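Participant: Below is the structure, and that's it, no one-letter string:
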């Protein structure tokens, strides 16, 4: 038998070890040497805080009483963890993006940073957890008493109270020291998590050791052990019924909704990838934990005397067999299970209480002058420390009031059922766009009310709020409203009954409340960041409220909550991001948003929002943001619009391409035609040049006058060739804009005179009359030769193609504003409107007219010249005859100067 | 068995396939992994909940152990083993796509 003193000493040593480990981990984390502090292994082990003393001792007790039912408590979490991809992964991601500090914070943040929902969830979770903490204290005390001399029965009660008190005090001390060392922006506690991981190892080693001892020390093999009980003792008629399913559902929700589970799985998660390891490693851990439960239960019932408490088989079995060391190990395992649960739960609850109850109250009290009311950090820390003390004190008081009563044993499941009331709002919050704050408040409120009425209060057997008569006969004698048999149906089990009604009414209230209410702008923003968390974090900029405050004010606020150094780092980083090398960042809505998010990591989303709003105003949502938030239908519509635009654009492009292609084809055809004509044209003079040259070369007896004629033909033909080649050259020079113009100022009449004189032989040849009228003295600034060339071309063209009967060309000069115009009008057949542009196409002649010495380049060349002179050459619509119009800028200033 | 295996072998080696055909495979694989992620908890729940679990609630022994005990622990272990493999695949898929999938 181990003496009590030795036991206490062992405990002290173990606690000292935990302190040491936690201290060492904190120190390493502070130095940035995380190493395996941030490993998936430590993460997984810390999740084993799920296995409390209730499961450590109670699982064996449950197995001894109800057979396989204990497995349900482990199957639920297994299913949730292997389905990590759907719920846990999303929760972890959201919590990281939103700096969530607790489940209450998550709910509040999702439903528009609502303070009301946070307070509600905090109170309910405190109510469900306090009895659970009391249960741990009781387990610890009872496990101590196992080692006590049974003969000292009388001192037992007194001893239990004292032990429980000191345990509670010790746990409070540990939690305060390592749980509230600092206000961390990420609310992570490396010391605590590492200590919990160590305790997890102790737990599993202890239970497995006892299990191995039972299986191989007290019997030959598992089969032999199982053979000791009747074969059909595990097969009960109604084992796999509603209660089995309900328990699995409850334990599955518990792993998400219990404050301590949310703390270790979501808040303390440092790397999302760890979750994928925990997804199988945690189920494997609880698989191992439950593997030896049945053997221990069977052996306990066989070996220990009738009436021994099955809940303590784990301890009493080794003791009865004289295995003191093993018993001590088993005791430490239970001690670990209980302490880790209490530590993590009280940290989670104290965070909630300080963030969602104390800080909002303090904000309200100091409204108007929060800037002068001291350091928020100290208030946070003090309130957390006090909360931890209060929570443990409550647990202790609860234990003292109900201590030893059988009702306490049921508390574990009742606590699960209470926390499960938050589940619908959590799941709807991360998957359902339309879930609103009103719906969540109604759902949680009604769920808790039904839970309290049908499950929680009846366990007090009339001692709290509702009397025994109400429980058995219903309020006001209405049997249909009996707490454990609403509408006279009891489902055969109070737990199943309570879960059925609370969950259905909870869901009903959540859904109908959501459908009948509207989301406020902030809530819509948050909804999107929750529901679409995976697609949003891919695009960098999220959505934010349009509100700003002076950077100085924001910095001061940040400093008061985050501390001087972290706030400075945060603001410097943001300023760098904005491209400012020094000083405070610019006050943008994004800065406000970022700060609020960082603050949320310390004091919760609702409080952070309230504090930032105090200095920045409530803010609004811009139309732009609203558009982005618009529901999926609108997104699809917008997408379709974009597609439509795109396809229209494509159609236009295709049309342009088609037109360009047509032009190119036509141009190619023109070029081909021209080339054949040019080569034909070139060949005619070339042929005559060659043949006359050959005659001159071969025949030596050509008469001199004949030879002279031949040579002059050769000369003329060469001139024609040269002219043709000149024209082609001209076009290419003009088109590429490389022409060099000799600009001078002259009267336009001079150029006209030159052209008229130059074309006189041609006109006389065809007896074409020409009349010139208008202000011929108008000054222009142009290249005289080129302009004259244009006029010659036009007149020649008119003589060639525009001759009617009694051919006549009238040339009219007139001015309009800053320009001078010259119209050349003939009385010929005119040009069809459709052919207007073609006249200016290179190499084009209308209606296969003969070349008449030109290659059809005259008009295109003329137009290019005019365009190079800042003028133009066009054909005027309407007949009779054709009218070519030359336009040019006139030189006004110089004329004024001349006058 | 071998016939089925051969039938699945593509006639051309993967690198010879056009680009679009190459990229299709991993994509289909990924969505299959996501579906499998649902299958494990769902299948586990069906196997461990009534009425399915009730089919094994009858007398019987496997290796000297009660049938129902072996069944429950067996399913449990199978779920763990499958998810060891699956989580690895899922994590890979996630790393490949840089979290762009939902």
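Facilitator: Yes, it's here. All values derive from a computational prediction rather than experimental measurement.

Participant: Quick check: phi and psi at the one residue in chain B that gets nearest to chain A.
Facilitator: Residue nearest to chain A within chain B (CB to the nearest CB): residue B:64, separated by 2.7 Å. Placement of C-beta: from N, CA and C, glycine included. With angles defined as degrees, to the nearest 10, residue B:64 sits at phi 80, psi 0.

Participant: Which residue is the nearest non-sequential neighbour of it?
Facilitator: residue A:223 (2.7 Å; CB to CB, 6 or more residues apart in numbering or on different chains).

Participant: Neighbours of residue A:655, how many?
Facilitator: Residues lying near residue A:655 (other CB atoms under 10 Å in any protein chain shown) number 10.

Participant: picking up where we left off before, and the residue nearest to residue B:64, which helix or strand is it part of?
Facilitator: Using DSSP states H and E, residue A:223 sits within helix A:222-227.

Participant: contacting residues around that helix?
Facilitator: A:214-215, A:218-219, A:294-295, A:298-299, B:63-66, B:69 (CB atoms under 8 Å, 6 or more residues apart in numbering or on different chains).

Participant: try it again with 7 Å
Facilitator: A:215, A:219, A:295, A:298, A:299, B:63, B:64, B:65, B:66 (CB atoms under 7 Å, 6 or more residues apart in numbering or on different chains).

Participant: I'd like the average pLDDT over that helix.
Facilitator: Helix A:222-227 shows a mean pLDDT of 80 in the predicted model.

Participant: Can the next helix or strand after it be said to contact chain B?
Facilitator: Later in the chain than helix A:222-227, the nearest helix or strand by DSSP H and E is helix A:242-257. Yes: Helix A:242-257 is in contact with chain B by CB under 7 Å from any CB of the partner chain, via A:244, A:245, A:248.

Participant: what sits against the last one?
Facilitator: By that I understand residue A:248. With contact set as CB under 7 Å, 6+ apart, residue A:248 has these partners: A:72, A:75, A:76, B:48, B:49.

Participant: Would you convert those into JSON lines that also reports distance to residue A:66, neighbour count and secondary structure?
Facilitator: Output for the contacts of residue A:248, formatted as JSON lines (distance: CB to CB, whole Å; neighbours: other CB atoms under 10 Å in any protein chain shown; DSSP: H, G, I helix; E, B strand; the rest coil):
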{"residue": "A:72", "distance to residue A:66": "10", "neighbour count": "24", "secondary structure": "helix"}
{"residue": "A:75", "distance to residue A:66": "15", "neighbour count": "27", "secondary structure": "helix"}
{"residue": "A:76", "distance to residue A:66": "16", "neighbour count": "23", "secondary structure": "helix"}
{"residue": "B:48", "distance to residue A:66": "17", "neighbour count": "24", "secondary structure": "helix"}
{"residue": "B:49", "distance to residue A:66": "17", "neighbour count": "18", "secondary structure": "coil"}
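
Participant: could you dump those residues to a markdown table with distance to residue A:238 and pLDDT?
Facilitator: As requested, the contacts of residue A:248 are arranged in a markdown table below (distance: CB to CB, whole Å; pLDDT from 0 to 100):
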| residue | distance to residue A:238 | pLDDT |
| --- | --- | --- |
| A:72 | 14 | 89 |
| A:75 | 18 | 92 |
| A:76 | 20 | 92 |
| B:48 | 16 | 86 |
| B:49 | 14 | 83 |
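
Participant: so which of those residues comes closest to residue A:18?
Facilitator: Nearest to residue A:18 among those: residue A:76, at 28.9 Å, using CB to CB.

Participant: what comes up buried for whichever strand or helix holds residue A:863?
Facilitator: If you go by DSSP H and E, residue A:863 is part of helix A:858-868. By neighbour count on 16 or more other CB atoms under 10 Å in any protein chain shown, the buried set for helix A:858-868 is A:858, A:859, A:860, A:861, A:862, A:863, A:864, A:865, A:866, A:868.

Participant: Report the spatially closest residue to residue A:91, excluding sequence-adjacent ones.
Facilitator: residue A:266 (5.3 Å).

Participant: Torsion angles phi and psi at the one you found?
Facilitator: phi -100, psi -50.

Participant: Can you list the residue ranges for strands in chain B?
Facilitator: In chain B, the strands defined using DSSP state E lie at B:61-62, B:65-66.

Participant: which of the ones you listed is buried the deepest?
Facilitator: Per residue and on average, the most neighbours among the strands of chain B fall to strand B:65-66, with a mean of 22 (mean count of other CB atoms under 10 Å in any protein chain shown).

Participant: tell me which parts of chain B are close to chain A?
Facilitator: Counting by CB under 7 Å from any CB, chain B sits next to chain A at B:37-38, B:40-41, B:44-45, B:48-50, B:53-54, B:57-59, B:61, B:63-66, B:68-69, B:72, B:76-77, B:79-80, B:83-84, B:87, B:90-91, B:99-100, B:102.

Participant: Could you identify the buried members of those?
Facilitator: Buried, going by 16+ other CB under 10 Å: B:37, B:40-41, B:44-45, B:48-50, B:53-54, B:57, B:65-66, B:68-69, B:72, B:76, B:79-80, B:83-84, B:87, B:90-91, out of the residues of chain B next to chain A.

Participant: quick one: stretch A:562-579 to chain centroid distance?
Facilitator: On the basis of CA atoms, centre = their mean, to the nearest Å, stretch A:562-579 sits 23 Å off its chain's mean C-alpha point.

Participant: what's it in contact with?
Facilitator: A:185, A:377, A:555, A:558-559, A:583-586, A:591, A:594, A:598, A:602.

Participant: ditto for stretch A:118-133
Facilitator: Against stretch A:118-133 from outside (CB under 7 Å, 6+ apart): A:103-105, A:107-108, A:259, A:342, A:345, A:349, A:352-353, A:356-357, A:391-392, A:394-395, A:398, A:411-412, A:415, A:418-419, A:421-422, A:441, A:444-445, A:448, A:604, A:606.

Participant: all helices for the stretch 601-750 of chain A, in order.
Facilitator: A:605-616, A:623-629, A:632-698, A:704-736, A:748-758 (DSSP state H, counting those that start in this stretch).

Participant: right, I mislabeled it, should have said chain B
Facilitator: B:2-8, B:19-48, B:67-97 (DSSP state H).

Participant: hmm, back to that, what's the helix holding residue A:863 in contact with?
Facilitator: Applying CB under 7 Å, 6+ apart, the contact partners of helix A:858-868 are A:727, A:730-731, A:734-735, A:739, A:741, A:786, A:789-790, A:793-794, A:796-797, A:839-842, A:872-873, A:886.

Participant: Okay then, goodbye and thanks.
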